[in-house]
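Enquirer: Here is a sequence together with a model predicted from it:
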Amino acid sequence: MERKIKLWMVIMLSIFFIIFPIVFAITGTSGSITADGQINAIALNGTNTYETRGVGDYISGQFQYPSLDDILIRGRFSILKVNNTAPNAPIIQAPVNDTYQNSTSTTFSWTNTTDPDQDIVSYRLEIFNDSALTLENTINNSIVETATPTETVATLAPDGIYYWRVLANDSSKNSSFTDLRVITIDTTPPTAFNLTSPADATSTQDSSPTLEWDATVDTNLENYTIELSLNSDFSIINATENSSTNSFSDWSNVLAPETYYWRVSAVDKANNQQLSENNLSFTIAVVSQTVTQGGGTMSVAGGASPKPYSFKIIAPPSITIFQDESIIIPLKIQNIGKSINLNNIDLSTRVDSPGVTARLDRILINTLKPESDVVVNLELKATGTAPDSFSVDVLAEVSTPRLQDSVKIITSIAGREDQGKKSSQQLVFTKKFFDGNPQCKELLTEIERAEQEIERRNHEQAVSILESAVNKCKDLISVKATKKPGLIDLTFNAIKENKTTAIISSQLLALLIIISLIFKKVIKKKTKEIKLDF
């Protein structure tokens with residue numbers, strides 16, 4: 001019975017293998033290739049070579065009746081090779097290159113890469129202690145990709161400079177590395193230091209005092225932060241300034257008369273901070289009275305001892321420019337005091353004539369330190385309507401301490417002097433010529449025309465009009481001189497020209513007639529007496 005059952009089983013298995021051979025037939029060319037017996041199709045590129053392993057033909061067997069234990073299964077395997085494309089290099093997000101950090105725990109992150117074959121990607125992070133990449137610090141080649149960005153945390157110790165990079169891997173090939181990045185770990189704050197000057201509770205009239213302190217020691221020092229408060233506990237910070245050295249005087253704004261408490265914090269590039277060991281205070285005193293003197297010199301009254309401030313503008317007293325051309329004049333603003341800053345210096349110009357423009361290249365000087373100066377350029381331009389000579393005033397006014405100075409620059413236009421002089425001389429000559437020749441009275445309107453042209457600075461035209469008027473006057477004189485008038489004609493002409501002259505002339509004529517008659521009578525009388533003696 002048992003043998004019959006085994007025989008039937010052998011027969012059924014034989015029929016199954018004949019009807020349903022176990023074979024994986026791969027069909028297709030490029031694009032989608034299907035392997036029979038599998039559920040999913042595999043997308044392959046027909047131009048590449050792929051590698052895989054699978055059963056090449058159906059399982060065949062030889063059976064020895066009546067036992068199934070003696071079944072011999074023989075098969076064949078084939079190889080299909082495949083080319084793989086490496087993923088693209090990731091893009092680093094953090095930390096920023098050449099950054100400083102005051103924590104040993106550092107988060108590294110990057111934008112996820114793309115893989116042309118859509119393979120699963122992981123990442124490799126490499127951190128070195130040297131730029132030659134020979135001293136390994138951390139190597140992590142099993143970072144699983146997450147939703148972008150992918151990130152991981154590494155501990156970097158001790159303090160120092162580290163070099164790092166990242167690549168992507170699809171289990172077959174690596175991407176290229178990202179650019180090499182640098183990060184500096186600095187967990188050490190700057191060394192302690194003290195404030196030194198001005199001494200605590202100092203009173204000064206300088207609204208921009210110089211503050212000084214001991215220098216701290218830190219390889220990566222960034223700057224010093226100066227904090228001012230009106231409260232001794234610094235509950236409110238009223239002003240903040242920065243300095244790269246251990247002194248400060250370049251204030252953003254002048255300080256109002258108050259008592260100020262100040263402290264300094266040393267800050268390094270990793271944002272480690274060290275406050276000064278001590279806090280000091282100073283008082284800006286009120287300036288009770290100012291007296292402005294010539295040249296910008298001022299003394300302050302009301303203090304224990306007057307303090308002189310000296311301030312002035314240095315400029316050329318006179319210049320010459322050409323019409324319709326600009327000229328640049330350098331002006332020097334000087335603070336020749338020895339201890340006081342001059343703050344908020346406002347500069348302006350004033351011109352007394354039309355047709356003249358004056359412009360400064362800067363109109364505000366924030367701070368002018370003692371025994372220093374600054375150059376400001378004045379640009380001048382005169383048009384055709386400008387006078388031959390004019391003045392420009394430059395004014396400077398200091399806000400703190402109250403102080404001012406000004407200079408006047410006399411300016412003349414080159415080339416106009418000779419023409420103006422010639423027209424003026426010709427005008428004077430013509431007027432005198434006409435005064436001596438009343439016959440030319442009808443030409444006085446020409447003189448008025450010439451004066452108008454001179455006012456318009458048309459000197460050549462004025463000279464031409466005056467010369468023409470003189471020639472016309474000479475012509476009139478020569479015409480009237482052809483007939484010489486007698487005494488009676490002169491008398492009548494005088495009567496026409498002037499009634500007073502006529503009266504005087506007639507009186508003189510009568511007097512001459514009377515004298516002439518008397519003289520004749522006297523001579524006749526003497527002649528008769530002589531004849532009687534003989």
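Expert: Received it, and whenever you're ready, just let me know what you need. Computed from a prediction, not measured in an experiment: that's the story for all the values here.
Enquirer: Quick check: bridge partners of the spatially closest residue to residue 231 that is not a sequence neighbour?
Expert: Closest residue to residue 231 apart from its sequence neighbours, by C-beta to C-beta, 6 or more residues apart in numbering: residue 261 at 6.9 Å. Placement of C-beta: from N, CA and C, glycine included. Bridge pairing for residue 261 (DSSP bridges) gives the partners residue 229, residue 281.
Enquirer: Same question for residue 127.
Expert: Residue 127 forms beta bridges with residue 138, residue 164, as assigned by DSSP bridges.
Enquirer: Contacts only, for it.
Expert: Applying C-beta atoms under 8 Å, 6 or more residues apart in numbering, we find residue 127 in contact with 136-139, 154, 156, 162-164.
Enquirer: What are the buried residues along stretch 382-398?
Expert: Judged by neighbour count using 16 or more other C-beta atoms under 10 Å, the buried positions of stretch 382-398 are 382, 386-388, 390, 392, 394, 396-398.
Enquirer: which SS state does residue 476 fall under?
Expert: What DSSP: H, G, I helix; E, B strand; the rest coil gives for residue 476 is helix.
Enquirer: contacting residues around it?
Expert: With contacts defined as C-beta under 8 Å, 6+ apart, residue 476 is in contact with 437, 439-440, 443.
Enquirer: same check, this time on residue 263
Expert: If a contact means C-beta under 8 Å, 6+ apart, then residue 263 has 195, 226-227, 234, 275-276, 279-280 as its contacts.
Enquirer: and it, what helix or strand is that in?
Expert: Assigned by DSSP states H and E, residue 263 belongs to strand 259-268.
Enquirer: Tell me the buried residues in that strand?
Expert: 260-268.
Enquirer: Identify, from those residues, the entry nearest to residue 378.
Expert: When the buried residues of strand 259-268 are ranked by distance to residue 378 (C-beta to C-beta), residue 260 comes first, at 38.1 Å.
Enquirer: That closest one contacts residue 227, doesn't it?
Expert: No. Checked against C-beta atoms under 8 Å, the pair residue 260 and residue 227 is beyond contact range at 10.1 Å.
Enquirer: Mind pulling up the pLDDT for the residue positioned nearest the centre of the chain?
Expert: Closest to where the C-alpha atoms of the chain average out (C-alpha atoms, centre = their mean) is residue 362, at 12.3 Å. According to the prediction, residue 362 has pLDDT 88.
Enquirer: Name the nearest residue to it, ignoring sequence neighbours.
Expert: Nearest one to residue 362, counting by C-beta to C-beta, 6+ apart, is residue 376 at 5.6 Å.
Enquirer: List the contacts of the one you found.
Expert: Counted by C-beta under 8 Å, 6+ apart, residue 376 has contacts 330-333, 347, 360-362, 365.
Enquirer: Please pick the buried ones from the residues you listed.
Expert: 331, 333, 347, 365.
Enquirer: between these, which is nearest residue 131?
Expert: Closest to residue 131 out of the buried ones among the contacts of residue 376 is residue 365 (47.2 Å), distances taken as C-beta to C-beta.
Enquirer: Hmm, residue 333 and the closest one touching each other?
Expert: Yes. In this structure residue 365 lies within contact range of residue 333 using C-beta under 8 Å: 6.5 Å.
Enquirer: Now the common contact residues for these two.
Expert: Here residue 365 and residue 333 have 345, 347, 374, 376 as joint contacts, going by C-beta under 8 Å, 6+ apart.
Enquirer: Let's see which of those residues end up in strands.
Expert: Of the shared contacts of residue 365 and residue 333, the ones assigned to strands by DSSP state E are 345, 347, 374, 376.
Enquirer: and the first one, how many residues sit next to it?
Expert: Think residue 345. 25 (other C-beta atoms under 10 Å).
Enquirer: can you redo the buried residues of strand 259-268 as CSV with distance to residue 98?
Expert: Shown next, in CSV, are the buried residues of strand 259-268 (distance: C-beta to C-beta, whole Å):
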residue, distance to residue 98
260, 38
261, 37
262, 33
263, 31
264, 27
265, 24
266, 22
267, 18
268, 15
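Enquirer: what's the farthest-apart pair in the residues you listed?
Expert: Farthest apart among the buried residues of strand 259-268 by C-beta to C-beta are 260 and 268. That separation is 26.3 Å.
Enquirer: what are the phi and psi values for residue 432?
Expert: Dihedral angles of residue 432 (phi, psi; degrees, to the nearest 10) stand at phi -70, psi -40.
Enquirer: Quick check: the gap between it and residue 452.
Expert: Residue 432 is 20 Å from residue 452, where distance means C-beta to C-beta, to the nearest Å.
Enquirer: These two - which one has more neighbours?
Expert: Comparing residue 432 with residue 452 by other C-beta under 10 Å, the one with more neighbours is residue 452, at 13 against 10.
Enquirer: chain center to the helix or strand where the more buried one lies: distance?
Expert: Using DSSP H and E, residue 452 falls within helix 444-455. Distance, stretch centre to chain centre, for helix 444-455: 53 Å (C-alpha atoms, centre = their mean, to the nearest Å).
Enquirer: swap in stretch 142-158?
Expert: With C-alpha atoms, centre = their mean as the basis, stretch 142-158 stands 43 Å off its chain's centre.
Enquirer: what's the first-to-last distance across that stretch?
Expert: Distance between the two ends of stretch 142-158: 24 Å, counting by C-alpha to C-alpha, to the nearest Å.
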